[in-house]
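**Student:** I need the structure of the sequence given here:
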Amino acid sequence: MAYNMKEIVANKRPHFTEGHRMCAGCGAPVVARHIMRALKEEDTAVVCSATGCMEVSTFIYPYTAWEDSFIHTAFECAGSTLSGVEAAYKSLKKQGKLPEDQHTKFIAFGGDGGTYDIGLQALSGAMERGHDMTYVCYDNGAYMNTGIQRSSATPRFADTTTTPAGRVIPGKMQNRKDLALIMANHHLPYVAQTLAMGDFKDLYEKAEKAIYTEGPTFLNVMAPCPRGWGYSTDELMNINKLAAQTCYWPMYEVVDGKYHITYKPTKKLPIEEFLKTQKRFRHMFKEGNEWMIEEFQKEVDRRWQELLDLEQIGTQKA
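**Tutor:** Numbers count the residues shown, from 1 in each chain. Model (predicted):
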C-alpha cells in the first residue's frame, strides 16, 4: 500500500497528544505517537503500559497524553493485564453487552526492562494463549526511569550505573538478548523490528500490520535515550539511521514464520560510526581498547548473517 506520510501526520488523529513530559530527544514518544496513528479513524484502543518512562511521563493523574482508555499496570504485568482486558471484551461482545459495530484494539507498551526482563513471563504467556493484541517494546537499552541500570537489552561494553566502565571490567560483559527472535519463535502471525526515527514509513506500516493482524503480534522498536546513551538531543534521527546503516538494529518482519528484511544498506557502515555518537561507549575508543570495537563488530556481523540466512530459508521454501 502507498502511504503519503505528510498527509497521515497532518490529517490522522494521533491518539497520543502533546503535553507529555518525556525528555527532549527521546525516541519513546515518537514510537507511541506513530504507532497510535496507525489506528483506523473509526477504531478505538485500550492502551496498557508497564511502569516506566512512558507511563510516569504521559499519565500524571489527572492529566494524560492519551486520547484512548489507558491502564497503568505493574512493571511485570503489561502482557497479562492487557490479555485479561482483551478476554473480557470478547466475553462482553459474546453476551451482547457491547455493540457489534464497536471495534476496539488492544495495545501494550513496555520498555526493555518491563519486556525483556521483568515482564517476559507475562508477555510470553499472553502470546502463547493467542490473545488478539499488539505488544510494543520501546527498547532504550537499560532501566532508564530508575537510574540507567543495565538490562538484558543493554549492548555489550555499554557503561551503565550497574556496569560502570572501569579498567578491570569495561562495562557490561554480556551481549544483548535478541527478543524479536525469541518472539518469532513463539510462532506468532506477525513480529517486526523497526526504529523510532529514520524511516517513519517503515514504523507506520509495521504498526498497521501488527494492529490489524488477527491474533498476538509483537513490535520491537529501538527508542534511544539521550540521558542513558549520552547524546545531544538533536542527534536522535542520526543515531537511528546509523543503527540501521551499521546493521546494529536490523529492520525486518516475520510474517507467519517467514523472515523479510525491510532495509538492507547499500553500503554497510562499520559499527564504530554508531558507537562514537554515544557517551556510553566512549571508553571503547581509548588507546588499547580497540579489541572491544572488533568484538562488537563480530557480533553485529554474526547476527546480520543469521538474519540473512533466515530470510533465504523462507525464500527457498516459498
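
**Student:** can we go C-alpha only for contacts and neighbour counts from here?
**Tutor:** Noted.

**Student:** Count the neighbours of Gly79 for me.
**Tutor:** Using other Cα atoms under 10 Å, Gly79 has 31 neighbouring residues.

**Student:** all helices for this protein, in order.
**Tutor:** 5-11, 28-37, 53-58, 78-94, 112, 120-129, 179-184, 200-212, 236-245, 272-275, 290-317 (DSSP state H).

**Student:** can you tell me which residue is nearest the centre of this protein?
**Tutor:** The centre of the chain sits closest to Val221, judged by Cα atoms, centre = their mean, with a distance of 2.4 Å.

**Student:** that older thread, Throw the helices of the chain into JSON lines and include mean pLDDT and distance to Thr104, thanks.
**Tutor:** Formatted as JSON lines, the helices of the chain follow (pLDDT from 0 to 100; distance: least, Cα to Cα, whole Å):
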{"stretch": "helix 5-11", "mean pLDDT": "63", "distance to Thr104": "21"}
{"stretch": "helix 28-37", "mean pLDDT": "94", "distance to Thr104": "13"}
{"stretch": "helix 53-58", "mean pLDDT": "91", "distance to Thr104": "21"}
{"stretch": "helix 78-94", "mean pLDDT": "97", "distance to Thr104": "9"}
{"stretch": "helix 112", "mean pLDDT": "96", "distance to Thr104": "26"}
{"stretch": "helix 120-129", "mean pLDDT": "98", "distance to Thr104": "18"}
{"stretch": "helix 179-184", "mean pLDDT": "98", "distance to Thr104": "24"}
{"stretch": "helix 200-212", "mean pLDDT": "95", "distance to Thr104": "10"}
{"stretch": "helix 236-245", "mean pLDDT": "96", "distance to Thr104": "31"}
{"stretch": "helix 272-275", "mean pLDDT": "98", "distance to Thr104": "39"}
{"stretch": "helix 290-317", "mean pLDDT": "93", "distance to Thr104": "33"}
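
**Student:** now, of those helices, which is deepest in the fold?
**Tutor:** helix 112 (a mean of 30; mean count of other Cα atoms under 10 Å).

**Student:** Give the other helices and strands that that helix contacts.
**Tutor:** On a contact count with 3 or more Cα pairs under 8 Å, 6 or more residues apart in numbering; DSSP states H and E, helix 112 meets strand 134-139.
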